[in-house]
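Novice: Take a look and give me a structure for this.
(chains A and B)
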Amino acid sequence: MSYAIALRCRKCGREYPLEPLNLCDFCFSPLEVSYDYKSVAKAVSREKIAEGPPSMWRYRDLLPVDDDIVDIGTGFTPLVKADNLGQELGLEKLYIKNDCLNPTYSFKDRVVSVAITKAREFGFDTVACASTGNLAASVAAHAAKANIKSYVFVPSDVEPGKLTGIAIYNPVLVTVKGSYDDVNRLCSQLAQRYNWGFININLRPYYAEGSKTLGYEVAEQLGWRTPDCVVAPAASGLLFTRIWKSLDELAMLGLIEPVNTHMYVTQASGSSPIVNAFEAGVHHVHPVKSETIAKSIAIGNPADGYYALSVARQSGGGACAVTDEEIIYGMKLLAQTEGIFAEAVGGVVVGALRKLTASGAIKRDELTVAVITGAGPRTQDIISDIVRPFAIQPSLESFVEVLGV
Amino acid sequence: MTKKQVMFTFPPELIKEPIIYNLGQQFKIVTNIRRADVNGDKGWVVLELEGEGEDIERGIAWVTGKGVRVDPVGGDIVEG
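Specialist: Numbering: from 1, shown residues only, chains lettered A, B, ... in the order given. The predicted structure is shown next:
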């Protein structure tokens, strides 16, 4: 049995049973899983965690699952010391948390692994999601492993290359004609009509908990300490808030010292409602219309925006948005210094890290972790202009003539 | 009868207009405000709409046409 005891409203504190629910009936704010931390503290230790599997499931005591887990080998991804990139940016202790190396190439495997485990526990025979790529692939892969049916809804203008990475797992793949808002509206209606486990609707509180494992891993991989700074991207803001929650939990359980980490939230300037609110000094995140090449974080109305904003402020961190040009630059810089080919969101993080370092917000000697959430090949069309090979004849003469070496 | 939870975000030029009152009157929708923050520049309201499904859809189309942004209260569903 897990140590989860209830779902609790993040705004008004009302409690609900551990069921497929995502919003408080009273104030319509998001629900979050709460735990019996006294019992968790007795059950966990650094040693016990270290003896667990080399995956996100080594932190099972801190996740809300009761039955057999649905695992395709997610987590415990490398935390790489990024000396070359650090030198380029002026940081002495820079680390990259490389979540490109999850089974479907993004951090979404962490959240989906928990969500599909819960879907099976709740008795759903079908799961569903709406996505422009990473989430869809992860849901389809986990549903295949769990042997349950999945429906995946994708806007019809999604690049064909992304569809292949979803279709290979054989979900019911539905492309929806219409705008991003139209797809949102349809999925909201579907969630009301069908008794499905909708990954980021009625399963969202459980889905969210999977994100915490990224933060646990960072602390463990640093030798049970927290970074001075974390730079992470935000779409709905869920990952960003759960990294903070994970560090807070570890400190509460006595596994690390009290947390003094500055959390920096990063977004693309074409879709930056959280950064806008931070910069304007307001408490409400006003929705925006998204327009950016970083499509996997192009969320104009972020569900956890308010909470992400609070974390950035509370932690003494900050917020930074970067243009599409800076995103491309960041992608190239990461690949050409550290050998990591990240998707556009990685470019957002590196681009923002560059600005935060240049402005002095992040200091040279601060231990900084940059969170890279997804791999590049799924979005390589946005940088296709970098392919400029030397074309030669199959002879030494041609090689020497064309390359001049 | 159908219920729908939505968030309205008002631009500055609509702050003074009784949009929610008119929505209820014109489309026979019961509006039930749960959270809100309105000031001189901008405003948002989280509310539940109750009525016939068709009336709610027509009402939302009318509100949108007036220049109010209408979003699901749980945030965007389509993710990356």
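Novice: Return the residues of chain B in contact with chain A.
Specialist: Contact residues (Cβ under 8 Å from any Cβ of the partner chain) of chain B with chain A: B:5, B:7, B:9, B:34-35, B:37, B:42, B:44, B:46, B:48, B:69, B:71-80. C-betas here are computed from N, CA, C, even on glycine.
Novice: out of those residues, which are buried?
Specialist: B:5, B:7, B:9, B:34-35, B:42, B:44, B:46, B:48, B:69, B:71-80 (16 or more other Cβ atoms under 10 Å in any protein chain shown).
Novice: separation between residue A:91 and chain B?
Specialist: Counting by Cβ to the nearest Cβ, to the nearest Å, the gap between residue A:91 and chain B amounts to 27 Å.
Novice: Tell me, how many residues neighbour that residue?
Specialist: Residues lying near residue A:91 (other Cβ atoms under 10 Å in any protein chain shown) number 25.
Novice: Give me the secondary structure label for the residue lying closest to residue A:202 once chain neighbours are set aside.
Specialist: Once flanking residues are discounted, residue A:202 sits nearest to residue A:20: 4.0 Å by Cβ to Cβ, 6 or more residues apart in numbering or on different chains. For residue A:20, the assignment made with DSSP: H, G, I helix; E, B strand; the rest coil gives coil.
Novice: Buried residues, stretch A:181-188. List them.
Specialist: Going by neighbour count (16+ other Cβ under 10 Å), the buried part of stretch A:181-188 is A:181, A:183, A:184, A:185, A:186, A:187, A:188.
Novice: Toward the C-terminus, what is the element adjacent to the helix or strand the fourth one falls within?
Specialist: Remark: residue A:185 resides in helix A:180-193, with elements defined by DSSP states H and E. From helix A:180-193 onward toward the C-terminus, using DSSP H and E, the following helix or strand is strand A:197-198.
Novice: So what touches that following strand?
Specialist: A:20, A:115-116, A:118-119, A:122, A:124, A:126-129, A:187, A:190-191, A:203 (Cβ atoms under 8 Å, 6 or more residues apart in numbering or on different chains).
Novice: swap the cut-off to 6 Å and go again
Specialist: Under the criterion Cβ atoms under 6 Å, 6 or more residues apart in numbering or on different chains, residues A:119, A:124, A:127, A:128, A:191, A:203 lie in contact with strand A:197-198.
Novice: Likewise for stretch A:339-349?
Specialist: So stretch A:339-349 is in contact with A:98, A:100, A:231, A:233, A:266, A:268, A:293-294, A:296-297, A:322, A:327, A:330-331, A:334-335, A:370, A:372-374, A:376, A:379, going by Cβ under 6 Å, 6+ apart.
Novice: The same query, at a cut-off of 7 Å, please.
Specialist: The contact list for stretch A:339-349 (Cβ atoms under 7 Å, 6 or more residues apart in numbering or on different chains) reads A:96, A:98, A:100, A:231-233, A:266-268, A:293-294, A:296-297, A:322, A:327-328, A:330-331, A:334-335, A:370-376, A:378-379, A:382.
Novice: What is the end-to-end distance of that stretch?
Specialist: One end of stretch A:339-349 sits 16 Å from the other (Cα to Cα, to the nearest Å).
Novice: repeat for stretch A:82-98
Specialist: 11 Å.
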